[in-house]
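Enquirer: Only the shape, not the letters, is given here:
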């Protein structure tokens, strides 16, 4: 008879006690900087009338998502660095899975929305204000949050059918679907199929909306006569492209490399640098805000 459990164990970032204090300080500083920089971006967007444009409206939403996204995993990680108890209840783990997927998918959809905004701004500048009205921008932003909610809810509801047995160790410092699939003691075929179908449909759609507009954007930029005009137009897209490539690159490397035990260390290093990537994205946002 199987020994079922409602408590899961997370893997610590380090087994060496001497490194824990150093890691705690480093990641605490990164997390605080991430929150402060994004909070400042939100404040500037809200208070500066010159930033009351669609581009900065979406940038403010992106900053809010990044603050929330980091807060889903970082506080728990920091707590585990200073305590010996790395257990997490199943409801808490499921909640973390929901918000992690929710915010990650919302960022994915928001990056697609920002691509469309750049497409209208560069390819149809004379009609930009009419097309990207505040009503349209609000509807698009609302759609991002609603889509993210339903996307995450689908995965979370299907994850509730999973049961877990001893050993119940998650090879990560936060709860995520692939790791739950690995330690589940019942058949995960349905969950994997749902993840592939739903994730593939939403992912391909978001990928197309994000990158296809740039075909027209680059074509339009190449037809600009002056080099100054080309650079000015392209500069409004560079920071967005950098964030997009960092985001998609992280997803591909984390979720599409083989999840064998031999590669767990590599995956852990990449995931552990997530906050560092967020810090890089914050700097990119500052560049974005200059244009």
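Expert: Now that the structure is in, tell me what you want to look at. Just so we're clear, the structure is a prediction, and the values are computed from it rather than from any experiment.

Enquirer: which residues sit against the strand or helix carrying residue 128?
Expert: Under the criterion of DSSP states H and E, residue 128 resides in helix 128-131. If you take CB atoms under 8 Å, 6 or more residues apart in numbering as the criterion, helix 128-131 is touched by 120, 121, 124. All C-beta spots, glycine's among them, are computed from the backbone N, C-alpha and C.

Enquirer: do stretch 53-67 as well
Expert: Against stretch 53-67 from outside (CB under 8 Å, 6+ apart): 34-35, 38-39, 41-42, 45-46, 103, 106-107, 110-111, 113-114, 117-118, 121, 132, 134, 137, 141, 144, 236, 243, 278, 281-282, 285, 288-289.

Enquirer: before we move on, what about stretch 174-188?
Expert: Contacts for stretch 174-188 (CB under 8 Å, 6+ apart): 2, 4, 8, 10, 72-73, 76-77, 88, 93-94, 96-97, 100-101, 155, 159, 161-165, 167-172, 191-192, 195, 255, 259.

Enquirer: Would you mind listing the buried residues in that stretch?
Expert: 174, 175, 176, 177, 179, 180, 181, 183, 184, 188 (16 or more other CB atoms under 10 Å).

Enquirer: Same check on stretch 223-242?
Expert: For stretch 223-242, by 16+ other CB under 10 Å, it's 233, 234, 236, 237, 239, 240, 241, 242.

Enquirer: Now that stretch: average pLDDT?
Expert: If you average the pLDDT over stretch 223-242, you get 86.

Enquirer: Which of the three states applies to the closest residue to residue 169 other than its chain neighbours?
Expert: Closest residue to residue 169 apart from its sequence neighbours, by CB to CB, 6 or more residues apart in numbering: residue 9 at 4.7 Å. Per DSSP: H, G, I helix; E, B strand; the rest coil, the secondary structure class of residue 9 is strand.

Enquirer: Residue 9 is in contact with residue 170, isn't it?
Expert: Yes. Judged on CB atoms under 8 Å, residue 9 makes contact with residue 170 at a distance of 6.6 Å.

Enquirer: okay, those two: which has more neighbours?
Expert: residue 170 (20 against 17; other CB atoms under 10 Å).

Enquirer: and that one, how far is that from residue 130?
Expert: 50 Å (CB to CB, to the nearest Å).

Enquirer: do residue 163 as well
Expert: Here residue 163 is placed at a distance of 54 Å from residue 130 (CB to CB).

Enquirer: So what's the model's average confidence on the helix or strand where residue 102 lies?
Expert: Using DSSP H and E, residue 102 falls within helix 90-123. In this model, helix 90-123 carries a mean pLDDT of 93.

Enquirer: One more: stretch 70-87?
Expert: pLDDT averaged over stretch 70-87 gives 86.

Enquirer: Could you pick out the buried ones from the contacts of stretch 174-188?
Expert: 8, 10, 72-73, 76-77, 88, 93-94, 96-97, 100-101, 155, 159, 162, 164, 168, 170-172, 191, 195.

Enquirer: Which strands and helices lie in contact with the helix or strand that contains residue 22?
Expert: Per DSSP H and E, residue 22 falls inside helix 17-47. Helices and strands touching helix 17-47, by 3 or more CB pairs under 8 Å, 6 or more residues apart in numbering; DSSP states H and E, are helix 54-82, helix 274-288.

Enquirer: That helix to helix 54-82, inter-axis angle?
Expert: Using axes from the mean of the first three to the mean of the last three CA atoms, to 10 degrees, one finds that helix 17-47 and helix 54-82 are set 160 degrees apart in direction.

Enquirer: now helix 17-47: how far from the chain's centre is it?
Expert: For helix 17-47, the separation from the chain centroid amounts to 16 Å (computed by CA atoms, centre = their mean, to the nearest Å).

Enquirer: Could I get the buried residue list for it?
Expert: 20, 23-24, 27-28, 30-31, 34-35, 37-38, 41-42, 44-45.

Enquirer: mind listing the strands for the stretch 151-291 of the chain?
Expert: Assigned by DSSP state E, counting those that start in this stretch, the strands in the stretch 151-291 of the chain fall at 164-165, 169-170.

Enquirer: Average pLDDT for the strand or helix carrying residue 139, rounded please.
Expert: Residue 139 belongs to helix 134-159 when elements are defined using DSSP H and E. The average of the pLDDT scores along helix 134-159 is 95.

Enquirer: ok so, going back, identify the bridge partners of the residue nearest to residue 169.
Expert: residue 87, residue 169 (DSSP bridges).

Enquirer: per-residue confidence for it?
Expert: Residue 9 is given a pLDDT of 79.
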